[in-house]
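> Quick one: sequence plus predicted model below, questions after.
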Amino acid sequence: MKVVVIGAGSIGSHVAFRLLERGAEVELLDAAEPGQGTSASSIAWLSSYPQMSWEEEPGKAKLRGEVHRLFEELEQEVPGDYVHWSGTLMWGYRHEREELRRAAEIVRSKGIEVLELTAEEARRQVPGLQLLDDEVVFNETGSGWVDGPEIVRSLVTEIERRGGAVRRGAHVVGFDRTSERIVAARLRDGSRVEADAFVNAAGSWASHIAAMADLAIPLDLIPGRIVYTAPIGSVRQVINGPEWCARPDPSGGLAVHWRGGPQDASHGANARSAQELIDEIATAIPALAGTAPVRSSIGIRPVPPGGPIVGAVPWLRNLYFTVSHGGIGWGPMWGWMAARELLGADDVPELAAMRPERFYLEAIAIGRYADDAEQVVR
Ligand SMILES: Cc1cc2nc3c(=O)[nH]c(=O)nc-3n(C[C@H](O)[C@H](O)[C@H](O)COP(=O)(O)OP(=O)(O)OC[C@H]3O[C@@H](n4cnc5c(N)ncnc54)[C@H](O)[C@@H]3O)c2cc1C
């Protein structure tokens, strides 16, 4: 069976690797270079706390328990320095203590080690860390972060080593199809790529790929900025604070994302300049005081309304979707799911709520007139 995977970001690279490893002939296409989309501008945090305390759709909750194990297994299969099991310090304000404790109890009951630290213990882990004595810190010891560009590089190298095809600058602009099947992807250069099945792993561009197959699949696009600091040696773990998240970066500095205060339920304040953000974080990590940002980048999060999109619509079975936020952590899982369903022809029950046809079963809130969807609802 030949499968064309469209998009060589984190998700598409995992999908292509797993399909190849499970016996498919694979061609991985990217409009640009692999790993240069959202996967290059991500905090790429790999954690179970507090995520495993959330009340989630049962299928997703069940799969979540396997995410870390899949990374551990991948490290045995694909060479590369892409996962860093650094641990995470979850740092909260005093008023968050009870909520964070409750979440810690729930994830501990699922086998995850989460330690509550005193301020003094936290300062021992991150020398110079400026936290107040009544602030709270929890340490998820088995968590970490992924180097997004490096994991894509490693997967692509392994795919090519095992005989899979990876094509750069292969921009998909349309499909040739019958009423029930996609027959070929058409590329901008005028060529065609035929296959038995196609995977839409185009991240923030996935709605465009869907539209080329006459499917209307909505996606929220939420920009987030990462600021990269000068090299400092004092932070070796992920620090997830109430307003920002920082992780070590391969450059030797930190990659930092300003999230906004706890009152801001959305994903992205993004409002501060890179220098203001570093000045603010320097009040907590003094080693950053007086330093300038090295660079910053914007990633566009692909956030499907209602959760990940995994699977195909029943009337076009050979266009398979693997589109999700959290696509660094979930990448290996979507690779396994695509391989299982496309090659084994067995429907994975945990994916039932993630099927793309759900968008055809509920009204799309787009409005009757051209711009009334933009009206503020009071
Ligand atoms: C600030 C920020 C913080 C984040 N934090 C986390 C986190 O802590 N943990 C986590 O797991 N996730 C996190 N995410 C989300 C995560 O980064 C994304 O979910 C993930 O990178 C998406 O991967 P992807 O492979 O779907 O998309 P991408 O990496 O964007 O890859 C899509 C690829 O498709 C290609 N493409 C597009 N159109 C076409 C076409 N027509 N033809 C051919 N190729 C095409 C593009 O060139 C691109 O390479 C964060 C994101 C941001 C922005």
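Thanks, I have the structure now. This is a predicted model, so every value here is computed, not measured.
> which residues of the protein fall in helices?
Remark: helices assigned in the chain by DSSP state H are 10-21, 58-64, 67-77, 97-109, 119-125, 148-161, 206-212, 274-282, 331-344, 358-361.
> Could you single out the most deeply buried of these?
When those are scored by mean count of other Cβ atoms under 10 Å, the highest mean neighbour count falls to helix 10-21 (a mean of 29). The C-beta positions use only the backbone N, C-alpha and C, and glycine is treated the same way.
> and Ser234, which of the helices of the chain is closest to it?
Closest approach to Ser234 among the helices of the chain is made by helix 119-125 (9.9 Å; Cβ to Cβ).
> neighbouring contacts of the closest one?
Helix 119-125 has contacts (Cβ atoms under 8 Å, 6 or more residues apart in numbering) with Leu89, Trp91, Leu117, Leu129, Leu131, Leu132, Asp133, Asp134, Glu135, Val137, Asn139, Gln237.
> In this structure the last one contacts Ser86, no?
Yes - proximity of Gln237 to Ser86 meets the contact threshold set by Cβ atoms under 8 Å, at 4.4 Å.
> Mutual contacts of these two, please.
With Cβ under 8 Å, 6+ apart as the test, Gln237 and Ser86 both reach Gly144, Arg247, Pro248.
> what about the first one, distance to the ligand?
As judged by Cβ to the nearest ligand atom, to the nearest Å, Gly144 and the ligand stand 11 Å apart.
> in the sheet, who's paired with that residue?
Judged by DSSP bridges, the bridge partners of Gly144 are Leu46.
> these two touch, right, it and Trp85?
Yes - counting by Cβ under 8 Å, Trp85 is a contact partner of Gly144 at 4.2 Å.
> between Gln237 and Ser86, who's got more neighbours?
More crowded of Gln237 and Ser86, by other Cβ atoms under 10 Å: Gln237, with 22 against 17.
> Could I get the pLDDT score of the more buried one?
On pLDDT, Gln237 comes in at 97.
> give the contact list for it.
Gln237 makes contact with Ser86, Gly87, Thr88, Leu89, Gln125, Val126, Gly144, Arg247, Pro248 under the criterion Cβ under 8 Å, 6+ apart.
> which one of those is nearest the ligand?
Among these, Arg247 lies closest to the ligand (Cβ to the nearest ligand atom), at 8.3 Å.
> burial measure for Ser179, as a count.
For Ser179, using other Cβ under 10 Å, the count is 6.
> And for Ser273?
Neighbour tally, Ser273, other Cβ under 10 Å: 12.
> coming back round to it: possible to save the shared contacts of Gln237 and Ser86 as a markdown table with neighbour count and pLDDT?
Formatted as a markdown table, these follow (neighbours: other Cβ atoms under 10 Å; pLDDT from 0 to 100):
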| residue | neighbour count | pLDDT |
| --- | --- | --- |
| Gly144 | 22 | 98 |
| Arg247 | 27 | 97 |
| Pro248 | 21 | 97 |
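> for the ligand, what are the nearby residues on the stretch 101-250 of the chain?
Where the stretch 101-250 of the chain comes near the ligand, counting by Cβ under 6 Å from any ligand atom, the residues are His171, Val172, Ala201, Ala202, Gly203, Ser204, Trp205, Ile209, Gly224, Ile226.
> The third one against Ile6, yeah?
It stands for Ala201. Yes - between Ala201 and Ile6 there is a contact at 6.1 Å, judged by Cβ under 8 Å.
> Looking at these two, which is more packed in?
Neighbour totals were compared for Ala201 and Ile6, and Ala201 leads with 33 against 27 (other Cβ under 10 Å).
> give me every residue that touches the more buried one.
Neighbouring residues of Ala201 by Cβ under 8 Å, 6+ apart: Val5, Ile6, Gly7, Ala8, Gly9, Ile11, Gly12, Val15, Thr322, Val323, Trp334.
> And it, how far from Leu19?
Here the criterion is Cβ to Cβ, to the nearest Å. By it, Ala201 lies 11 Å from Leu19.
> Over to Ile328?
Taking Cβ to Cβ as the measure, Ile328 falls 19 Å from Leu19.
> Residue ranges in this structure under the pLDDT threshold?
Residues of the chain that meet the criterion pLDDT under 70 lie in 260-271, 363-366, 377-378.
> at 80 what do you get?
260-272, 345, 362-378 (pLDDT under 80).
> Out of the residues of the stretch 101-250 of the chain next to the ligand, name the ones that lie in strands.
Val172, Gly224, Ile226 (DSSP state E).
> which of these lies closest to Ala338?
Taking Cβ to Cβ as the measure, Val172 is the one of these closest to Ala338, at 17.3 Å.
> which residues does the closest one bridge with?
Bridge pairing for Val172 - DSSP bridges - gives Leu187.
> For it, grab the count of nearby residues.
Neighbours of Val172 under the rule other Cβ under 10 Å: 23.
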